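1. Fold the following.
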Amino acid sequence: MTTSEETNTEDPVDPQHFRKVMGQVPTCVTIVTALVDGSPQAMVIGSFVSVSLDPPLAGFFCTTTSFSWGELKKAEVFGVNVLGADQIDVSNACMREPEERFDGLDWELDGGAPRIAGTAAWIRLTKNQIIDAGDHEFALMNVVDMSAPDEPNEPVIFYGGSYRSLQPSD
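-> A predicted model of the protein is given here:
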């Protein structure tokens, strides 16, 4: 058996081509929140993933050069707000300047992390470890609490460069 380094003779993948192809992979739109130095912080994340059932672990990827991630990772408690299809405006709000991201949003503290009202799901996390992953870091987190409405709330997804919602199955 050979390693991938020994067998990889192709040219490196062009970053723009990589982005275009990976844009065909739908992602759930989430807002990761934390309270840092008494102020709520937020960042839009499209890489949230379940990692393990036992123990319950989840995680997400952040660009190492991100100002928002630099602030958020100072916290110990995080909230993952899974946005509903009717919350694209919340995603857009959380891409404003950091000090304006919570302006006009309906939110409250839940176990130490900002929880946005009306989301499709809520997951509270604590740090497990931060793992280097190229130009990103993978935040591996312990799941400490979670909830979802009794009636499922259709999530918003990002696909092909735009927001979408799921089509109901027949």
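2. What residues are bridge-paired with the most centrally placed residue in the chain?
-> By CA atoms, centre = their mean, the chain has its centre lying nearest to residue 45, at 2.9 Å. For residue 45, the beta-bridge assignment (DSSP bridges) gives partners residue 30.
3. Could you do residue 157 as well?
-> residue 28, residue 164.
4. Provide the count of other residues in contact range of it.
-> 17 (other CB atoms under 10 Å). Heads up, the C-betas are built off the backbone N, CA and C, glycines and all.
5. Also residue 101?
-> Residue 101 is flanked by 22 other residues according to other CB under 10 Å.
6. The one 3 residues further on now?
-> Other residues within reach of residue 104 by the criterion other CB under 10 Å amount to 9.
7. go on, residue 133?
-> Using other CB under 10 Å, residue 133 is surrounded by 12 other residues.
8. The nearest residue to it once chain neighbours are set aside: helix or strand, and which one exactly?
-> Computed as CB to CB, 6 or more residues apart in numbering, the closest residue to residue 133 that is not its neighbour in sequence is residue 61, at 6.4 Å. Using DSSP states H and E, residue 61 sits in strand 57-63.
9. Give the partner strands of that strand in its sheet and their orientations.
-> Note on strand 57-63: by DSSP bridges, its sheet partners are strand 49-52 (antiparallel), strand 136-147 (antiparallel).
10. Would you mind finding the most buried of those?
-> strand 136-147 (a mean of 18; mean count of other CB atoms under 10 Å).
11. Please list the residues outside that one that contact it.
-> For strand 136-147, contacts defined as CB atoms under 8 Å, 6 or more residues apart in numbering pick out 51, 55-64, 69, 73, 78, 110-111, 121-131.
12. Work out the gap between it and the centre of the chain.
-> Offset of strand 136-147 from its chain centre (CA atoms, centre = their mean, to the nearest Å): 10 Å.
13. any idea of the mean pLDDT for that strand?
-> Average pLDDT, strand 136-147: 97.
14. ranges for the helices of this structure?
-> Using DSSP state H, the helices of the chain run over residues 4-7, 15-22, 67-72, 88-93.
15. where does the protein have its least confident helix or strand?
-> When each helix and strand of the chain is scored by mean pLDDT, DSSP states H and E, helix 4-7 comes last, with a mean of 54.
16. on that earlier part again, mind checking the strands paired with strand 57-63 for the one nearest to residue 102?
-> Minimum separation from residue 102 across these (CB to CB) falls at strand 136-147, 20.6 Å.
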